[in-house]
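**Student:** Generate coordinates for the sequence data below:
(chains A and B)
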Amino acid sequence: MIFKLAWKNISSRPLSTGLSIVLLSSSIMVIVLATLTINQMKLKFNDNANKIDLVIGAKGSRLQLILCNVFHIDYPTGNIFMEDVEFLTKHPFVKNAVPISLGDAYQQHRIIGTNKNFISEIYNATLEKGELFNKSSEVVIGSNVAKKLNLGNSFIGSHGVGESLHEHEDFKYLVVGVLKPTGEIIDELIITPLESIWNVHHDEYKKGSFDLKTAEEHDLHQLEDDKAEHSIDKKEITALLVNYNSPRAKFSIPGIINKKNSLMSADPAIEIKQLIDLIQPAVNILYFLALFIFGLSFFSIIITLVNSMKDRKYEIVMMRVGGASMKIIFISVILEGFYIGFLGSIIGLVLGHSLMEIMASFINFKYHYKFSGLVFDQFEIVLILITILIGMIAAIFPAIVAYKFDIAKVLKNKI
Amino acid sequence: MIQTKNISINYGSLILKFPEINLNSGDQLLIIGNSGSGKTSLLNILGGLISPNTGTVLLNDINLMSLSKNKVDNFRGKNIGFVFQTPHFIKSLTVNENLKLSQYLISEINQSRINILLEKVGLLNLKDSNIQNLSEGEKQRISIIRALINQPSILLADEPTSALDDESCNNVIDILTNLSNENSATLIIVTHDKRLKEKFSNQIDLNDF
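**Tutor:** All right, here's what the predicted structure looks like:
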């Protein structure tokens, strides 16, 4: 009965109660959104970054090198010669050294020229059906690419890692294998032998139409001089993905690489940490904003309830006359704070998750990174409890106001 | 049973003294007085809402002044029903919910008693209406039911008819006296409403005191 009374008392004043709940739920929404985003980002980044210890590529931005070759979202920094890094494949500290070559895509899915180790060693992916590629032009596709292509399909890649009008009409890829879902970025990729990429771009060297985007750092004069040599003898790759087998590698290999003029190495874990450090202040501002709104809603609850007590002066006094103890009156007002806190936190959580889900579908569409609004975290239970507690604390002062009404004095001013 | 002795209350330099009251259970008493005569103060003292400066009040052989604040609340809830000039209810609740709340605060919810009483005052059809949609006369009848819902031994009414027209006035007084009788509750009405004078044989006029 007392729960019902408290519930009816707040639900019968939808406007003022609503304002408190809207404020409270907005702050919860911002907290949930910011936390879900940063947590999922860290998780995705770290998951993918942990697969690879070092990326070696052309000089440029280290972050770009990582984003392009580990996360497949940015453009390549340029190409490097296979022979410059080939020594690493035999280096005692190196477990795997997998070359990748980028440049083409099919419907926003990047085509990665590499070898079988990319699939089996780096991503530990296994085949769902079909087989691994054995020769140029054969491809294995990730599970999400399989929504658009199937075993036995052939397709034409378009030039550039994003959308492009230029298609390699004379070169057809054939799907020979489909990978099981891994939840990693490999689900979004089309994997083919390095030779495919070299073959498809072979003619372009001759035509001189090699895309500058993928060879920004390339010396054009040198390109002119050794066209044939480049494409046949001096094989180019976009990057070499390295996994160590000794912790000592961390201190020696980057040094060796960075001494070479044309090469640069980047550690995904370090770059991602720096990236997150860059984003963190923005997230902190969001938290600060949320805390500010939370504070506002705290005062809004107090004001709402105090006004409500003043309006309900006679009701409360009547309850006292009818034998309600001060304790009952006090508890019923605290319960109103409880309901406001409960509603505010639940609505905030629902809004936060819905917004996250909408944002996730956008991110997924644009970058092929799966975020989700349907992931729940333990901190949310804590958040609900804290919000309810704050609602109840905010109700203490109004409850004291209600509890202190002097029956005789209120009744004296009867009308 | 109600017994008072030497009660008086001070408002600044004004000292109000009240006549002694001796009622057996089931008695009915009308106390008449002009405004300022202290009739509401007397009723509030009898109901344990305020304490007098001097004197004692014995209700069912219990000295109200000897009880703690919480005990007085509890005693009042169990033994005394109040009817005021302007009835106030929990606006967010229906007629039935208001009556149930009154039961809940003191004893247990007893829906059949609510129904019987509503039937007696002819308002059973308004059971699930919002309390705010009732007329003043209807609200006053509900407030009498509320006062009697926990079967108190004493019913105190403060100007229960002053805001009502003649027809409602008669109706409310009939209900007050009949229901008090049926529940064997002692009834005390304080009023300045002259219309009530002829209806009660047992009267005290505070103006004469």
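**Student:** element containing A:Val139?
**Tutor:** Assigned by DSSP states H and E, A:Val139 belongs to strand A:138-141.
**Student:** If we go by neighbour counts, what in the next helix or strand after that strand is buried?
**Tutor:** Where DSSP H and E defines the elements, the next helix or strand beyond strand A:138-141 is strand A:154-159. The neighbour-count check on strand A:154-159 (16 or more other CB atoms under 10 Å in any protein chain shown) flags A:155, A:157-159 as buried. Where C-beta positions appear, they are placed from N, C-alpha and C, glycine not excepted.
**Student:** And the average pLDDT for strand A:154-159 is what?
**Tutor:** Mean pLDDT, strand A:154-159: 85.
**Student:** so what strands line up beside it?
**Tutor:** Next to strand A:154-159 in the sheet, as set by DSSP bridges, lie strand A:94-106 (antiparallel), strand A:167-179 (antiparallel).
**Student:** What residues does the stretch 1-150 of chain A have near chain B?
**Tutor:** A:1-2, A:4-5, A:8-9, A:11-12 (CB under 8 Å from any CB of the partner chain).
**Student:** got the contact list for the strand holding A:Val139?
**Tutor:** When contacts are defined by CB atoms under 8 Å, 6 or more residues apart in numbering or on different chains, strand A:138-141 is touched by residues A:109, A:111, A:119, A:127, A:130, A:132-133, A:149, A:173-179, A:189-193, A:196.
**Student:** quick one: strands adjacent to it?
**Tutor:** Next to strand A:138-141 in the sheet, as set by DSSP bridges, lie strand A:167-179 (parallel), strand A:190-193 (antiparallel).
**Student:** Buried deepest among those strands, which one?
**Tutor:** Of the strands paired with strand A:138-141, the one with the most neighbours on average (mean count of other CB atoms under 10 Å in any protein chain shown) is strand A:190-193, at a mean of 25.
**Student:** From the chain's centroid, how far away is it?
**Tutor:** Mean C-alpha position of strand A:190-193 versus that of the full chain (CA atoms, centre = their mean, to the nearest Å) differs by 25 Å.
**Student:** and it, average pLDDT?
**Tutor:** On average, strand A:190-193 scores 92.
**Student:** again, but for stretch B:117-129
**Tutor:** Stretch B:117-129 comes out at a mean pLDDT of 91.
**Student:** Looking at chain B, which helix is longest?
**Tutor:** helix B:166-182 (DSSP state H).
**Student:** ok, and what's touching it?
**Tutor:** B:26, B:28, B:83, B:117, B:120-121, B:136-137, B:140-141, B:144-145, B:148, B:155, B:157, B:160-161, B:164, B:185-187, B:189, B:193, B:195-196, B:199.
**Student:** Output the residue of the stretch 251-400 of chain A whose distance to chain B is smallest.
**Tutor:** Using CB to the nearest CB, the point where the stretch 251-400 of chain A gets nearest to chain B is A:Gly323, with a distance of 1.4 Å.
**Student:** could you show me where the helices are in the stretch 301-415 of chain A, in order?
**Tutor:** For the stretch 301-415 of chain A, the helices defined by DSSP state H, counting those that start in this stretch cover A:313-321, A:326-367, A:378-394, A:396-403, A:407-412.
**Student:** need the strands paired with strand A:154-159 in JSON lines with mean pLDDT and distance to B:Asn130, can you?
**Tutor:** Below are the strands paired with strand A:154-159 laid out as JSON lines (pLDDT from 0 to 100; distance: least, CB to CB, whole Å):
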{"stretch": "strand A:94-106", "mean pLDDT": "88", "distance to B:Asn130": "66"}
{"stretch": "strand A:167-179", "mean pLDDT": "84", "distance to B:Asn130": "65"}
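**Student:** who's the residue nearest to A:Ile190 when sequence neighbours are not counted bridged to?
**Tutor:** Using CB to CB, 6 or more residues apart in numbering or on different chains and skipping residues adjacent in sequence, the residue nearest A:Ile190 is A:Ile111, 4.6 Å away. A:Ile111 has these beta-bridge partners by DSSP bridges: A:Asp104, A:Ile190.
**Student:** my read: A:Ile111 touches A:Pro193, true?
**Tutor:** No - checked against CB atoms under 8 Å, the pair A:Ile111 and A:Pro193 is beyond contact range at 11.0 Å.
**Student:** Show me the shaky parts of chain B.
**Tutor:** Low-confidence segments of chain B (pLDDT under 70): B:209.
**Student:** near chain A, which residues of it show up?
**Tutor:** B:40, B:44, B:47, B:49-50, B:69-70, B:73-74, B:76-78, B:82, B:84-86, B:88-93, B:97, B:100-102, B:104-106, B:109, B:146, B:150.
**Student:** Show me which of those are buried.
**Tutor:** B:40, B:44, B:47, B:49-50, B:73-74, B:76-77, B:82, B:84-86, B:88-93, B:97, B:100-102, B:104-106, B:146, B:150.
**Student:** Quick check: strands, which of those are part of them?
**Tutor:** Judged by DSSP state E, these include B:Phe82 as members of strands.
**Student:** the domain parsing of chain A - what is it?
**Tutor:** A:2-45+A:279-412, A:54-266 (automatic domain parsing).
**Student:** mean confidence score for the first one?
**Tutor:** Right, the one you point to is domain A:2-45+A:279-412. Domain A:2-45+A:279-412 comes out at a mean pLDDT of 89.
**Student:** And that domain, how far out from the chain middle?
**Tutor:** That offset, for domain A:2-45+A:279-412, works out to 28 Å (CA atoms, centre = their mean).
**Student:** And for stretch A:71-87?
**Tutor:** Using CA atoms, centre = their mean, the offset of stretch A:71-87 from its chain centre is 25 Å.
**Student:** how long is it end to end?
**Tutor:** Stretch A:71-87 stretches 25 Å from its first residue to its last (CA to CA, to the nearest Å).
**Student:** Tell me the buried residues in it?
**Tutor:** Neighbour counts over stretch A:71-87 (16+ other CB under 10 Å) mark A:71-82, A:84-85 as buried.
**Student:** tell me the secondary structure for the closest residue to B:Gln203 other than its chain neighbours?
**Tutor:** In space, and not counting its chain neighbours, B:Gln203 is closest to B:Leu30: 4.7 Å by CB to CB, 6+ apart. Judged by DSSP: H, G, I helix; E, B strand; the rest coil, the three-state class of B:Leu30 is strand.
**Student:** Show me the beta-bridge partners of B:Leu30.
**Tutor:** Applying DSSP bridges, one finds that B:Leu30 bridges with B:Ile189, B:Gln203.
**Student:** didn't it look like it was pressed against B:Glu198?
**Tutor:** No - using CB under 8 Å as the test, B:Leu30 is too far from B:Glu198 to be in contact (10.0 Å).
**Student:** and these two? which has more neighbours close in?
**Tutor:** Comparing B:Leu30 with B:Glu198 by other CB atoms under 10 Å in any protein chain shown, the one with more neighbours is B:Leu30, at 21 against 7.
**Student:** for the closest residue to chain A within chain B, what are its contacts?
**Tutor:** Nearest residue of chain B to chain A: B:Gly77, at 1.4 Å (CB to the nearest CB). Neighbour list for B:Gly77: A:322-324, B:105-106, B:150 [criterion: CB under 8 Å, 6+ apart].
**Student:** Widest-spaced pair of these?
**Tutor:** A:Ala324 and B:Asn150 (12.0 Å; CB to CB).
**Student:** Neighbours of residue 186, how many?
**Tutor:** Since you didn't name a chain, this refers to chain A. 26.
**Student:** nope, chain B please
**Tutor:** 22.
**Student:** Please report how far the closest residue to B:Ser153 other than its chain neighbours lies from A:Asn258.
**Tutor:** Computed as CB to CB, 6+ apart, the closest residue to B:Ser153 that is not its neighbour in sequence is B:Asn79, at 5.3 Å. As judged by CB to CB, to the nearest Å, B:Asn79 and A:Asn258 stand 92 Å apart.
**Student:** that older thread, please produce JSON lines containing the domains of chain A, extended by distance to B:Asn22.
**Tutor:** Output for the domains of chain A, formatted as JSON lines (distance: least, CB to CB, whole Å):
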{"stretch": "domain A:2-45+A:279-412", "distance to B:Asn22": "24"}
{"stretch": "domain A:54-266", "distance to B:Asn22": "88"}
